[in-house]
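Student: Compute the structure for the input listed below.
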Amino acid sequence: MEKSVVFNGKLLPYLLLAPQLAITLIFFYWPASQAIWQSFLREDAFGLNSEFVGLENYQALFAQPEYYTAIGTTVVFSSLVTVLSLGVALLFATQADKNLKGASAYKTLMIWPYAVAPAIAGVLWFFIFHPTLGTLARPLRVMGFNWNPMLDGTHAMILVVMAAVWKQVAYNFLFFLAGLQAIPKSVIEAGAIDGAGPLRRFWTIIFPLLSPTTFFLLVVNIVYVFFETFGIIDAVTAGGPAGSTTTMVYKVFADGRLGGDLGGSAAQSVVLMVIVIALTAIQFRYVERKVQY
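Tutor: Numbers count the residues shown, from 1 in each chain. The predicted model follows:
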């Protein structure tokens, strides 16, 4: 039997937990409580004067057609980024798990994009696909494709999706590769001896054993898309053209920082927080049932 850890004093466990608890309280619960309180206030652009207005900010928010447009944009953007980043990362991880020449260098290069800040990633992709200066935009024009993400909403959405996927693939790749390497080779070899082909071995043996990793990455990617892609959208399109790439998190910034509506922005942040918590709870309630530990 494994020996349990015994602390010499009753205070020591609490001292070890104190730094993490302090970080959680200061950087999550305190700002969240402030946002909830501010959502019931009407404040000036500088936050100097405030007036309690109850649910008026929420009523005004749900009366805006632009907010429902932002919700639809967020659904499309989050779905594309999550599915593509997980799919591409899994494909790369399965290839990297093979006995290939130069696999170590390949794995290192795959991880590098994760070290790039979201705003920098957005700027890189913006310059690559800039309609007049971009190195890859010119071949598109030569082929007769009128590529212009600065004026076309569909092109802008494609660009921010590609930038967000490129940024997140490295993170997903790292976990998928670790999960693949943890699968016993004897199990895969047994499937091959039974006559299962590569695709059948993947879907009936490898992928079910990767379900805990996939579930974890699904939760992480949902949070990433809803919050951490703000820097990419701000650097690439600033929510344009004509609001076609304005997601919920960017609308919080645009209405609060640029529009000066601090109360309405706080209400949006509360709604966004509730949506993310609800999605996470649904995933743990229903999706986790299919996870094989």
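Student: so what's residue 161 up against?
Tutor: By Cβ atoms under 8 Å, 6 or more residues apart in numbering, the residues touching residue 161 are 77, 80-81, 84. For glycine as for every other residue, the C-beta is placed from the backbone atoms N, C-alpha and C.
Student: Repeat that for residue 225.
Tutor: Counting by Cβ under 8 Å, 6+ apart, residue 225 has contacts 77-78, 81-82, 164.
Student: May I ask you to confirm that it belongs to a helix?
Tutor: Yes. Under DSSP: H, G, I helix; E, B strand; the rest coil, residue 225 falls within a helix.
Student: Which other helices and strands does the helix or strand where residue 221 lies contact?
Tutor: Here residue 221 sits within helix 211-223, counting by DSSP states H and E. Packed against helix 211-223 by the contact rule (3 or more Cβ pairs under 8 Å, 6 or more residues apart in numbering; DSSP states H and E) you find helix 65-96, helix 153-182, helix 262-286.
Student: Model confidence score at the most centrally placed residue in the chain, please.
Tutor: Geometric centre of the chain, nearest residue: residue 224, 1.9 Å, by Cα atoms, centre = their mean. At residue 224, the pLDDT value in this model is 92.
Student: measure it to residue 151 for me?
Tutor: 28 Å (Cβ to Cβ, to the nearest Å).
Student: quick revisit: dump the residue contacts of the residue nearest to the centre of the chain.
Tutor: Counting by Cβ under 8 Å, 6+ apart, residue 224 touches 81, 168, 171.
Student: now do residue 173
Tutor: Residues near residue 173 by Cβ under 8 Å, 6+ apart: 89, 92-93, 96, 110-111.
Student: Dump those to TSV, plus pLDDT and distance to residue 17.
Tutor: Listed next are those as TSV, based on pLDDT from 0 to 100; distance: Cβ to Cβ, whole Å:
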residue	pLDDT	distance to residue 17
89	94	33
92	91	38
93	91	34
96	86	37
110	83	35
111	85	31
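Student: Write the PyMOL selection for whichever of these are buried.
Tutor: Buried members of those can be picked out in PyMOL with the line below, counting by 16 or more other Cβ atoms under 10 Å:
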select buried, resi 89+92+93+96+110
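Student: Go through the contacts of residue 173 and name the one nearest residue 245.
Tutor: Within the contacts of residue 173, the smallest distance to residue 245 is 23.1 Å, found for residue 89 (Cβ to Cβ).
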